[in-house]
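Enquirer: Build me a model from this:
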Amino acid sequence: MTAPDTATRLLSPDVEQAEAAIVEHYPRLVRLAYLVLPPSLGRNRRVLTAHSLAQRALPRGRREAAGAQGGVPGQRGGAGAESGYAYVRLRVLRSALEAGIPLSFRALPRRAQLPPLLPQVWGLRLFPRSGGAEELALDQWLATLDGPGRAACVLRALERLPEPEVLRVLTEAGVVNPTAAVAESGDPSTDELFNSPEFDPCVLQARPTDLLRRRRLTRAAIAGGAALAVCGALLALPGGGWGADGAAAPLYAKNAAAEQALDPGQLVRVAPTVWRTSSRTDYSGWPARGDRVDDTALLRRALAVWARPGRSVVVSATPGTPSGPPMGPPQLLFAGTVDQAVVVLLYDGLRVARYAEPRSGTEVAALDFARTDGASADTAMALVLSRVDGNVRYLTAPWVTGAAVRDLLKPGEAPADLKLTPEGMTPPVPSPAPDGTCAGWNALVLAGDGATRLITDLGELTPARLTSGAPGAERNVTDGAELGEWSRIACLLPSVRSHGVRTVNAWTYAKQPLPEGDGTATWLCTRAETWQGTADRVQAQFLAPGAPLAAQAAKAEGTAACGPREPRVLAGVLWKSKAGQWYVLAAGSAQFASLTVGGGQVSGVAVGNRLAVKAPAGAQVELSGKLTDGSKAGVLR
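Expert: Residues are numbered from 1 along each chain as shown. Model prediction:
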């Protein structure tokens, strides 16, 4: 029998020892990588990159295992196991630090700087469990440190290494100034928080990606294929089509107006102080802001994609908003880096277009449109720059002087102030009810131009303004009673998401004493007006005494009811008293002189705008009313 090769016998256990160290300490290595990686990557990419770095810590071959700095020594019982872990930890740490180095055209990117090839997750966003206020504060503080500073914190807090050992490991990892990194590593009193589930990328939560955008992408691909087939059939016909085009220019002929609309040098740029003297206080007064406003290549790509979106471009538009190219040179509102994307905002007088491409390349892009004609100082307060990991970042109008975030479900709590950047950008703000539940509903409080306005994100490029008051007398939501009303109806706002909503007004149109002395109910009407003006949505809500949330009593779309043109509303519900008796309750606005109910073994007439009649359980009735001028009117439907 031939004796085994000596080199093979000595080197083979080294790689196996490294693999054993990775498998045994995998959660610890992934947590280390997750904490050292720059938070600007976003939580989903940090999770995947941390797993990728830990898995790639295994040496590629035995030669590398033997010759690399800090290589795996031969096994010597427990000490060998610790040495194997120290080796893979050093590789993970070095890769995590390299991932935080900004990409540059002067050098080829390192493997750790690129998105991980494995693992890959499609159709889901992954992130660790949310922690408390202390974990959030620690995460925000870590984001202020550079990579070596975070590495020093992790080695001290997570690995429990003394300072001389931290300096040695940082030096081996390639840190130029390890002493400075240790100096900025902070107070050891918070070290226990590093073991929190907030920073555990092995225990994850999953949420879907943008489902509507994926569906639109599939539909766009199908429509593109059909259009291509039709074009091929037309080109095959004699003469190049079905008939002559008359005086139209040939296809793709040069046109001066079309060429100017695609020229970055022709973009309209407004001076920062124009809004102070302009007769219009809308998006036309916004100056060009952002750190990429002079990036001609970026602006050229944005204009070209707007005019001719390719197959890899995901296009979305609010209802009633055309998505065609601009008629002339648009106005530049913003161009800059936002989180992990590069964003350009353009305005052509009718629409705001948002172009976004990843920082890592230009092969894919997103193009979103929102109709904004008829905007004013009340409705041109902000635009959505990005949505990442359940957070929204806004760009505020130049006349905004202060911003805060308020939970509509907690009217008694003061809003939390937000620090705006010099360019008017907010920090990430949690989205309203991001996981589908309504445990909270965040709204933005913006002060400026002599008023304080309340806006909220409804899943579109333009946030919606929230108001209170009777139709024609709408006002900003500021006092406690108005905030209390909105706390009862905020959870009904998802019904108007993604419908191009400009403003949502809520007002109390009736108070009704309940039968059997069960208190007083409140009737509210909510009108969501859209930018297109023809698909407004109206809801009547019934708020029982002591109920935390209002119930929807009636709804309608495309109606003038509950608005300035028809400031009246009538709705009814089937209500059960505390004693178990069912009643038909109905209430109309002040324009109603009497109400009538019939059908379902129920009959009754009431003088005035309120009605309460006993009814059997599950009764189906017809409700109508007579106005003070003698004309009849039906319920909201």
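Enquirer: so how far is residue 614 from the residue lying closest to residue 607 once chain neighbours are set aside?
Expert: Closest residue to residue 607 apart from its sequence neighbours, by C-beta to C-beta, 6 or more residues apart in numbering: residue 594 at 5.3 Å. Any C-beta I mention is one placed from the backbone N, CA and C, and that applies to glycine too. Separation of residue 594 from residue 614 (C-beta to C-beta, to the nearest Å) stands at 19 Å.
Enquirer: rewinding a little: hmm, the residue nearest to residue 607 is touching residue 610, no?
Expert: No: using C-beta atoms under 8 Å, residue 594 makes no contact with residue 610, being 10.3 Å away.
Enquirer: Name the strands paired with the strand ranked longest in the chain and say parallel or antiparallel.
Expert: Determined from DSSP state E, the single longest strand within the chain is strand 501-513. Next to strand 501-513 in the sheet, as set by DSSP bridges, lie strand 464-468 (parallel), strand 520-530 (antiparallel).
Enquirer: TSV please, covering those strands and showing mean pLDDT and distance to residue 568.
Expert: Below are these laid out as TSV (pLDDT from 0 to 100; distance: least, C-beta to C-beta, whole Å):
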stretch	mean pLDDT	distance to residue 568
strand 464-468	97	18
strand 520-530	96	9
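Enquirer: Make CSV out of these and add mean neighbour count and distance to residue 330.
Expert: Conversion of the strands paired with strand 501-513 to CSV gives the following (neighbours: other C-beta atoms under 10 Å; distance: least, C-beta to C-beta, whole Å):
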stretch, mean neighbour count, distance to residue 330
strand 464-468, 24, 24
strand 520-530, 23, 23
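Enquirer: Next, format these as JSON lines and append distance to residue 86.
Expert: Shown next, in JSON lines, are the strands paired with strand 501-513 (distance: least, C-beta to C-beta, whole Å):
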{"stretch": "strand 464-468", "distance to residue 86": "55"}
{"stretch": "strand 520-530", "distance to residue 86": "60"}
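Enquirer: Which of those strands sits closest to residue 556?
Expert: strand 520-530 (9.9 Å; C-beta to C-beta).
Enquirer: which outside residues touch the helix or strand that the closest one is followed by?
Expert: Sequence-wise, the next helix or strand downstream of strand 520-530 (DSSP states H and E) is strand 537-543. Contacts of strand 537-543 with the rest of the structure, by C-beta atoms under 8 Å, 6 or more residues apart in numbering, involve 488-489, 492, 495-496, 499, 501, 521-528, 530, 550-557, 559, 561-563, 569-571, 573, 575, 585, 636.
Enquirer: likewise stretch 123-137?
Expert: By C-beta under 8 Å, 6+ apart, the surrounding residues in contact with stretch 123-137 are 34, 43-44, 47-48, 190, 193, 196-201, 203-209, 214, 389.
Enquirer: from the middle of its chain, how far away would whatever helix or strand residue 50 lives in be?
Expert: Take DSSP H and E as the rule and residue 50 turns out to sit in helix 43-55. Centre-to-centre, helix 43-55 and its host chain are 22 Å apart (C-alpha atoms, centre = their mean, to the nearest Å).
Enquirer: Begin at 25, not 1, for the rest of this chat.
Expert: Done: numbering now begins at 25, and the last item shifts to helix 67-79.
Enquirer: Give me the helices and strands touching it, please.
Expert: If contacts are counted by 3 or more C-beta pairs under 8 Å, 6 or more residues apart in numbering; DSSP states H and E, helix 67-79 sits against helix 50-60, helix 102-123, strand 148-152.
Enquirer: Identify whichever of the ones you listed lies nearest to residue 171.
Expert: Between the helices and strands packed on helix 67-79, helix 102-123 lies closest to residue 171; by C-beta to C-beta that is 4.7 Å.
Enquirer: Kindly calculate the angle that the closest one makes with helix 50-60.
Expert: Interaxial angle of helix 102-123 relative to helix 50-60 (axes from the mean of the first three to the mean of the last three C-alpha atoms, to 10 degrees): 30 degrees.
Enquirer: In helix 102-123, which residues are buried?
Expert: 104-105, 107-123 (16 or more other C-beta atoms under 10 Å).
Enquirer: contacting residues for the residue lying closest to residue 108 once chain neighbours are set aside?
Expert: Closest residue to residue 108 apart from its sequence neighbours, by C-beta to C-beta, 6+ apart: residue 45 at 3.8 Å. Applying C-beta under 8 Å, 6+ apart to residue 45 gives the contacts 105, 108-109, 111-112.
Enquirer: do the same with residue 593
Expert: Going by C-beta under 8 Å, 6+ apart, the list of residues near residue 593 reads 533, 549, 562, 564, 585-586, 612-613, 660.
Enquirer: is residue 150 in a bridge, and if so with what?
Expert: residue 230.
Enquirer: now swap in residue 426 and tell me
Expert: residue 471.
Enquirer: measure residue 539 to residue 290 for me?
Expert: To residue 290, residue 539 is 69 Å away according to C-beta to C-beta.
Enquirer: cool, and residue 517?
Expert: According to C-beta to C-beta, residue 517 and residue 290 sit 40 Å apart.
Enquirer: Tell me the first helix or strand C-terminal of the lengthiest helix in the chain.
Expert: In the chain, assigned by DSSP state H, the helix with the most residues is helix 235-260. Using DSSP H and E, the next helix or strand after helix 235-260 towards the C-terminus is helix 280-285.
Enquirer: Quick one: mean pLDDT for that next one?
Expert: What helix 280-285 shows for mean pLDDT is 74.
Enquirer: Other residues contacting that helix?
Expert: The contact list for helix 280-285, computed with C-beta under 8 Å, 6+ apart, reads 290, 327, 331, 349-354.
Enquirer: need the next SSE after it, C-terminal direction.
Expert: On the C-terminal side of helix 280-285, the closest following helix or strand by DSSP H and E is helix 298-301.
Enquirer: mind listing what's buried in that next one?
Expert: residue 299.
Enquirer: and if you look at stretch 243-260?
Expert: Judged by neighbour count using 16+ other C-beta under 10 Å, the buried positions of stretch 243-260 are residue 244.
Enquirer: what do you get for stretch 373-380?
Expert: Those would be 374-380, for stretch 373-380 by 16+ other C-beta under 10 Å.
Enquirer: Now, those that are in helices?
Expert: Among the buried residues of stretch 373-380, no member falls in helices (DSSP H).
Enquirer: okay but residue 643 is in contact with residue 599, surely?
Expert: No: if you go by C-beta under 8 Å, residue 643 and residue 599 don't touch, sitting 11.3 Å apart.
Enquirer: With neighbour numbers in mind, choose between the two.
Expert: residue 599 (20 against 17; other C-beta atoms under 10 Å).
Enquirer: can you give me the offset of the strand or helix carrying that one from its chain's centre?
Expert: Element membership for residue 599 (DSSP H and E) is strand 594-600. From the chain centre to the centre of strand 594-600 is a distance of 37 Å (C-alpha atoms, centre = their mean).
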